[in-house]
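Q: From the sequence below, what's the structure:
(chains A and B)
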Amino acid sequence: MKTTLSISAIALVSATAAMAQDLPQASSQWFADGQAHIEAMMARQPNTSRAKNVIVLVADGNGVGTNYAVRLMDGQLKGMLGEENVLPYETPEFHSALVKTYNINAQTPDSAPTAGAMNTGVKQRFNLINLGENAIHDDCSTVAGNELTTFAEIVSGQMDKSVGIVSTARITHATPAAVYAKTANRNWEGEVPEGCTAQKDIAAQLIDQMEAGVIDLAMGGGRRYFAGEDVTLDEGGKGRRPDGQNLIEKATGMGAQYAWNTETFNQLTLDGTTPVLALFNDSHMEYEADRADDDEPSLADMTKAAIEYLSQNENGYYLEIEAGRVDHGNHDGNAYRTLTDGVAFAEAVAMADELTDDADTLIIVTADHEHAIAFNGYCGRGSDILGLCYDVAKEGVGHSDELLLADDGKPYTVIGYLNGAGSVLKQVEGGNDYAGSRAELTQEETTDMDFVQEALIPMSSETHSGEDVAVYAKGPWAHLFDGTIEQNVIFHVMNQAVTAE
Amino acid sequence: MLTRRSFLISAAATPLATAARAEDEMIKVRDLYERRGNDLSELATGLEGKRIRVEGYMAPPLKAESNFFVLTRRPMAVCPFCETEAEWPNDILAVYAKRVVEVTPFNVRIVTSGVLELGAYKDPDTGFLSMVRLADASFA
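A: As a prediction, the model looks like this:
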């Protein structure tokens, strides 16, 4: 039966090929590219070996819409029109699925339970990390008995794998924290409420997990939650721990290496023998657009160092890498920083892919949630993704020189937000009424790095949205990503990959 | 809408536009800082003590009925999911106005005019530490 099927499949393919040659569109490059894509898809073989390594790369807030904008930004920076660009994780080598990101009690998710779902295999509650469904936000008394076991704990235990975390946000922020922490409030980064003994703060949990041998490498921002309020930190800022503990000294005291800028980062010994704690900023690391190379390493640089370090373990490793500030750029309504951080994320994915072998490493690329970002029309090809929407040209490919105008006679940008600081409605003096009209925007102004895209509903910070994100994967068991899945399924693919017989 | 670069070019191109006439040129908050990192720009050190015009956004004031506010380069979005507490960007400009400040919404662009002061100063009322300030300022 199987043989018959194969034969008829071959017959069908050759019949299609023969027929294709007769079609008037067969000489088009689009047609040839389409056929080449089919061949690439047919050549894919499911990899059912056991994964030695698992790398999860999360761009925070990079849902399908934001990722579309990153694709255009990356392409336009490379001199393309943009739409045709293929990000490193959008090639036919990657399997993919759509991901439903809602939390147990939230239609619009936040980054704590979403990252927790990926790290434990179950959906979680809004603003909590790695606690079961009976735990309550901000209630320390509901911690005991509700702690979940993390993927990091699973693989570092019996499997004796190494575990690393990299983030451009504070290392105590939601997405990185979900690798190692269990907390009733994602904001308990450097302290817990008085009388709360069931859990420690997130920074203290990281150092505990490092001491326990669960976490081997942690690189990101958030230095201030690792030292007391009277401690002057490496770059002149003060610590924020009311308990006065110096966790950096605690880590180095147990043999960890510590880095705080590019120079000390370059001095790290990456032979995998001692834990690594690298805290490059008091709070989040800089946006890629504002980052100086001699001050902080890039996300791709950290990715390279982390893989070099973790791959010393012959039993393999689990590494979570977060581009934490795609999200922050969106919250600011500032497409420029959102997309430049998105491009830096794509470069980190390419780096991770280049340094690993598909045969033994499962690479998963995803986001935790989307934002209230949206796109105007009908823009011509190559309209600057940061700038104004130009009309479609009748001839040729690129957009015309004519700006499209709204009913108010004014041009508008390609990207807009449904809410946020860029609201066209401003508070009227002396009241709570909001009113306004749109500005006469120029291309120079809208492509400026500090431009805030127009939004509708006035809010001090743009919000997440419940819209789907995508997941892309290659390596062992990556083919299990297909269709539309719940976010916690990502854990189950990782678990299948590392336990497959 | 001059960038730092075009400001320098136009200043060089017009012999009369010396630093003494800097109040006629408008700069952005970011022009006072290096492009990357947190150091002050040459432009800032060159304009110390001079009256200049700077465009930016008024962050929600720390204290009511005060003549002090902070000018930011982008609207000061307050994101509950990014921050556990009020988080100031590094590249800001403290403004000490001539009169008690009438609050402008945080996302409306304003232009301030004042005398540029450099060096650490702790605001006696709020404890806010600034490195760059506009003194004797007015805004519109």
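Q: Helix or strand for the residue nearest the centre of chain B, just tell me which one.
A: Of all residues in chain B, the one closest to the mean position by Cα atoms, centre = their mean is B:L93, 3.3 Å from it. B:L93 belongs to strand B:92-97 when elements are defined using DSSP states H and E.
Q: Can you name every helix or strand that that strand contacts?
A: Counting contacts by 3 or more Cβ pairs under 8 Å, 6 or more residues apart in numbering or on different chains; DSSP states H and E, strand B:92-97 packs against strand B:68-72, strand B:109-122, strand B:129-139. Glycine gets a C-beta too; all of them are placed from N, C-alpha and C.
Q: contacts for the second one?
A: So the one you mean is strand B:109-122. Strand B:109-122 has contacts (Cβ atoms under 8 Å, 6 or more residues apart in numbering or on different chains) with B:23, B:26, B:32, B:40, B:44-45, B:47-58, B:71, B:93-97, B:104, B:128-140.
Q: how about 7 Å then?
A: The contact list for strand B:109-122 (Cβ atoms under 7 Å, 6 or more residues apart in numbering or on different chains) reads B:23, B:26, B:40, B:44-45, B:47-58, B:71, B:95, B:104, B:129-140.
Q: Emit the ChimeraX select command for whichever of those residues are buried.
A: To isolate in ChimeraX the members of the contacts of strand B:109-122 that are buried, counting by 16 or more other Cβ atoms under 10 Å in any protein chain shown, one can use:
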select /B:26,44,47,51,52,53,54,55,56,57,58,71,95,104,130,131,132,133,134,135,137,139
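Q: Domain-wise, how is chain A divided?
A: Domain ranges of chain A: A:53-372+A:464-499, A:373-462, per the TED database.
Q: Kindly state the pLDDT recorded for the residue nearest to A:E370 when sequence neighbours are not counted?
A: Once flanking residues are discounted, A:E370 sits nearest to A:G63: 2.3 Å by Cβ to Cβ, 6 or more residues apart in numbering or on different chains. What the model reports for A:G63 is a pLDDT of 98.
Q: Likewise for the one 4 residues further on?
A: A:N67 is assigned a predicted lDDT (pLDDT) of 98.
Q: and whichever helix or strand it is part of, which residues are buried?
A: For A:N67, the element it lies in under DSSP H and E is helix A:64-77. Of all the residues in helix A:64-77, those buried under the rule 16+ other Cβ under 10 Å are A:G65, A:T66, A:N67, A:Y68, A:A69, A:V70, A:R71, A:L72, A:M73, A:D74, A:G75, A:Q76.
Q: Between those, which sits nearest A:M118?
A: Set against A:M118, the nearest of those by Cβ to Cβ is A:N67 (17.0 Å).
Q: Relative to chain B, how far out is the closest one?
A: 19 Å (Cβ to the nearest Cβ, to the nearest Å).
Q: and that residue, how far is that from A:G475?
A: Distance, A:N67 to A:G475, by Cβ to Cβ, to the nearest Å: 20 Å.
Q: hmm, back to that, Serialize the helices and strands packed on strand B:92-97 to CSV and add fields for mean pLDDT.
A: Formatted as CSV, the helices and strands packed on strand B:92-97 follow (pLDDT from 0 to 100):
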stretch, mean pLDDT
strand B:68-72, 95
strand B:109-122, 95
strand B:129-139, 93
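Q: show me the contacts for the residue in the stretch 151-300 of chain A that chain B sits nearest to.
A: For the stretch 151-300 of chain A, the residue closest to chain B is A:A292, as judged by Cβ to the nearest Cβ, at 3.9 Å. Residues near A:A292 by Cβ under 7 Å, 6+ apart: B:R36, B:G37.
Q: which element is it on?
A: Counting by DSSP H and E, no helix or strand carries A:A292.
Q: Then the one 3 residues further on?
A: With elements delineated by DSSP H and E, A:D295 resides in a region that no helix or strand encompasses.
Q: Just give the nearest non-adjacent residue to it, would you?
A: B:G37 (5.7 Å).
Q: and that neighbour, backbone torsions?
A: Main-chain torsions, B:G37, degrees, to the nearest 10: phi 90, psi -180.
Q: what's A:C379 in contact with, if anything?
A: A:C389, A:Y390, A:H399, A:L404, A:V414.
Q: Need the three-state assignment for it.
A: coil (DSSP: H, G, I helix; E, B strand; the rest coil).
Q: ok, it to A:G116 distance?
A: Taken as Cβ to Cβ, the span from A:C379 to A:G116 is 38 Å.
Q: Might you enumerate the residues of the stretch 301-450 of chain A proximal to chain B?
A: Within the stretch 301-450 of chain A, the residues that sit near chain B (Cβ under 7 Å from any Cβ of the partner chain) are A:328, A:331-334, A:420-423, A:426-427, A:445, A:450.
Q: let's see 8 Å
A: A:327-328, A:331-334, A:420-423, A:426-427, A:444-445, A:450 (Cβ under 8 Å from any Cβ of the partner chain).
Q: Among these, which are located in helices?
A: Among those, the residues falling in helices (DSSP state H) are A:D327, A:H328, A:H331, A:D332, A:E444, A:E445.
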